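[1] Show me how the following folds:
(one chain, ligands or ions: 1)
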Amino acid sequence: MLTLTTWDWVPDAPRGYVRDLRIRWALEEAGLPYVVQSTPIRGKSPDHYAHQPFGQVPWLTDGDLTIFESGAILLHLGGLSPALMPADRAGRSAVTQWLFAALASVEAASQPWSFHHFSGQVGQGPMWSFFADFLFKHRLPHMERVLSDRDWLVGDFSVADILMADVLRLVSRFDGLADFPICRAYVARATARPAFQKAHADQMAHFAAAD
Ligand SMILES: N[C@@H](CCC(=O)N[C@@H](CS)C(=O)NCC(=O)O)C(=O)O
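    Numbering: from 1, shown residues only. The predicted structure follows:
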């Protein structure tokens, strides 16, 4: 039995963007049965830290396994379904490298930029230009080029696309893809998938039920 844990409630701003969505999306793509359970956002328990050492979400339990980090969870799920990751060595390797790239190369650049937007600090602070250049000169132009000759990063569709599209989706939320039409089309293509639509609606309903 697969159990996905996320917050019991979040404010409006992050709804639709909490990282459990990545996992819901993969589970829906693969048609794997799962349940979602909540952990309190206020008053984190020792049990929470036992599953996620930084007191964050999401984490997944699969029988006696417990896994944190959205990329690691997606890799695990990729091993459970060919709808999420090819079974051959080359395909697995290609998906794995793009999972790491989405987190360590693209999200590492986009997250500080997004935080400036979330906190109303656009254009302000000593690091603004550094982060803006990091994202707009050194990451997005390369994603634009990579995606120019393919619909999906590896093969037909994989967990690498779930992660990369979700990372780029947050950039798009703050209009950061305005000059990157190929990335924009990629996000549109990914988020038009029924599995994304279901995952997004389910996350919104999950948090609304706690209001
Ligand atoms: N690298 C982690 C990041 C997890 C993360 O930032 N989770 C957010 C929700 S989307 C969270 O729990 N934030 C609260 C906090 O950092 O205390 C992953 O990809 O799973």
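[2] The residue lying closest to L177 once chain neighbours are set aside and V122, how far apart?
    Among residues not flanking L177 along the chain, R184 sits closest, at 4.5 Å (C-beta to C-beta, 6 or more residues apart in numbering). Yep, even glycine has a C-beta here, placed from its N, CA and C like the rest. For R184, the distance to V122 (C-beta to C-beta, to the nearest Å) stands at 20 Å.
[3] Now do the helix or strand containing the residue nearest to L177: distance to the chain's middle.
    Assessed by DSSP states H and E, R184 sits inside helix 181-191. Remark: helix 181-191 is offset 15 Å from the chain centroid, using C-alpha atoms, centre = their mean, to the nearest Å.
[4] following it, which helix or strand comes up?
    Scanning onward from helix 181-191 (DSSP H and E), the first element met is helix 194-208.
[5] Does anything pack onto that next one? Which helices or strands?
    strand 2-7, helix 20-30, strand 34-39, helix 181-191 (3 or more C-beta pairs under 8 Å, 6 or more residues apart in numbering; DSSP states H and E).
[6] neighbouring contacts of the first one?
    Here strand 2-7 makes contact (C-beta atoms under 8 Å, 6 or more residues apart in numbering) with 18, 20, 23-24, 27, 32-41, 51, 57-62, 203, 206-207.
[7] for stretch 19-31, same thing?
    2, 4-7, 34, 36, 57-58, 60, 70, 73-74, 77-78, 80-81, 83-84, 157, 159, 162-163, 166, 193-196, 198-200, 202-203.
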